[in-house]
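Peer 1: My questions concern the predicted model and sequence given below.
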Amino acid sequence: MSFNIYYLSEQEQMDTLTQQDPSHQNTGWNISSIIDLFELPFMDLLFQAQQIHRANHTPNEIQLSSLLSIKTGGCAEDCSYCPQSARYNTEVKAEKLMPLEEVVNAAKTARDNGAQRFCMGAAWRNPKPHQLDEIARMISAVKGLGMETCVTLGMLQEGQAEQLRDAGLDYYNHNLDTSPEFYGEIITTRTYEDRLETLERVRNAGLNVCCGGIVGLGESRRERAGLIAQLANLSPYPESVPVNNLVKIKGTPLFDNQDLDPFEFIRTIAVARITMPKAYVRLSAGREQMSDGIQALCFLAGANSIFYGEKLLTSGNPQAQADQQLLERLNLKATGAQNHH
Ligand code: SAM
Ligand code: DTB
Ligand code: SF4
């Protein structure tokens, strides 16, 4: 049995940009070759994605990350999908930063349920210095439990990524969300360039980059391809790529959006896998609204990570037990698990 590696076309090779990192090379994908992938017959696309997956990852393994909202609601930004923006009248109420002890207890529970990584999210435009000091204490405490750590706090200023790294941070999550062309339809209070600047700070501090986006915002296929092109052409591309399916929350401007065809969501996962072979591609928000069959196809398309635990930040996620059963039914194992459920 042999698996074929997908080689770049001559055109793509000519277009290849810098190749800085031997494991996460910038592969110089252009938008039209990414659209070509989207347009492949579904089975051909999934076959190719699964081949690339197997050439780069242990098959049948899924990485488990648990999320906790440590500072909920009241956010100054206007991201039109988000229930935490102060501008929209949603059921989410603004809260203060969670006390350290509560955070540590939640992390312990997540660890005991089998999560490998603990991701803490704050509804901030950017963290202030005194807030970052408190976050640094949380990171050190969670790291001390033997878990990998991730935070998502909005934009970072000079030196802040280094402070987080020194506290024991493994990953910083900051999404590009959509293509540069469509971005202005979704968020007006911070620019695409602002996001790239934060990502650069995170990368330069030596942290792992967790960066992905959302589909189902009303973007076109070309714009989905534009998001993937942006991500794949970060040099090096992110270690972790969350692909979120819009969770439609009452009170947000996108509440009445039409649902994306689930097969188009799966295609997006497959294209992320092919263009960023070594990244962990995370089947992220929107899993609660997906059938087991669709999730299994996402795994076949190369998703090898999920958010695990009954809550995302403010909205629901499948019960941990239901996910354990799903993994078991598909003979999937949790990455890094000591003893499997
Ligand atoms: N406030 C920080 C920021 O935006 O940089 C961090 C937290 S923010 C909630 C993290 C990501 O969650 C967003 O970039 C977006 O991709 C995702 N997200 C938020 N609301 C969502 C929704 N309703 N459906 C799907 N994904 C969502
Ligand atoms: C990411 O890409 N998705 C997560 C995490 N990073 C922080 C957040 C999903 C949020 C879904 C809506 C909510 O629960 O508020
Ligand atoms: Fe604020 Fe983040 Fe929500 Fe945007 S996505 S409104 S920045 S919490």
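Peer 2: That came through fine. Ligands and ions are numbered 1, 2, ... in the order given.
Peer 1: Which SSE is immediately downstream of the helix or strand hosting E181?
Peer 2: When elements are assigned from DSSP states H and E, E181 belongs to helix 180-183. Where DSSP H and E defines the elements, the next helix or strand beyond helix 180-183 is helix 192-204.
Peer 1: That next one packs against which elements?
Peer 2: helix 160-167, strand 208-210 (3 or more Cβ pairs under 8 Å, 6 or more residues apart in numbering; DSSP states H and E). In short, each C-beta sits where N, CA and C put it, glycine included.
Peer 1: And the first one, what does it pack against?
Peer 2: What that stands for is helix 160-167. helix 129-143, helix 192-204.
Peer 1: The last one too?
Peer 2: Judged by 3+ Cβ pairs under 8 Å, 6+ apart, the packing partners of strand 208-210 are strand 171-173, helix 192-204, strand 240-245.
Peer 1: what's the last one in contact with?
Peer 2: Okay, so that is strand 240-245. 171, 173, 175, 208-216, 231, 260, 265, 268-269, 272, 276, 279-287, 289-290, 303, 305 (Cβ atoms under 8 Å, 6 or more residues apart in numbering).
Peer 1: near ligand 3, which residues of this structure show up?
Peer 2: Counting by Cβ under 6 Å from any ligand atom, the residues of the chain close to ligand 3 are C75, E77, C79, C82, Q84, S85, A123, G154.
Peer 1: Neighbours of the last one, how many?
Peer 2: Same thing as G154. Using other Cβ atoms under 10 Å, the number of residues around G154 comes to 19.
Peer 1: go on, the fifth one?
Peer 2: Taking other Cβ under 10 Å as the criterion, the count of residues near Q84 is 24.
Peer 1: Setting aside sequence neighbours, what's the nearest residue to it?
Peer 2: A123 (4.0 Å; Cβ to Cβ, 6 or more residues apart in numbering).
Peer 1: shouldn't that neighbour be in contact with G74?
Peer 2: Yes - with contact defined as Cβ atoms under 8 Å, A123 counts as touching G74 (6.5 Å).
Peer 1: Residues in contact with both of the two, list them for me.
Peer 2: In contact with both A123 and G74: Q84, using Cβ under 8 Å, 6+ apart.
Peer 1: which element is D323 on?
Peer 2: helix 320-329.
Peer 1: Check which residues of that helix are buried.
Peer 2: By neighbour count on 16 or more other Cβ atoms under 10 Å, the buried set for helix 320-329 is A320, D323, Q324, L326, L327.
Peer 1: Considering those, which is situated nearest to A110?
Peer 2: A320 (8.8 Å; Cβ to Cβ).
Peer 1: Can you report how many residues lie near G218?
Peer 2: Going by other Cβ under 10 Å, the residues that sit close to G218 add up to 16.
Peer 1: List the residues that contact the residue nearest to it when sequence neighbours are not counted.
Peer 2: Counting by Cβ to Cβ, 6+ apart, G218 lies nearest to N257, which is 5.7 Å off, once chain neighbours are set aside. Contacts here follow Cβ under 8 Å, 6+ apart; on that basis N257 touches G216, L217, G218, L246, K248.
Peer 1: quick one: secondary structure of N257?
Peer 2: The local conformation at N257, judged by DSSP: H, G, I helix; E, B strand; the rest coil, is coil.
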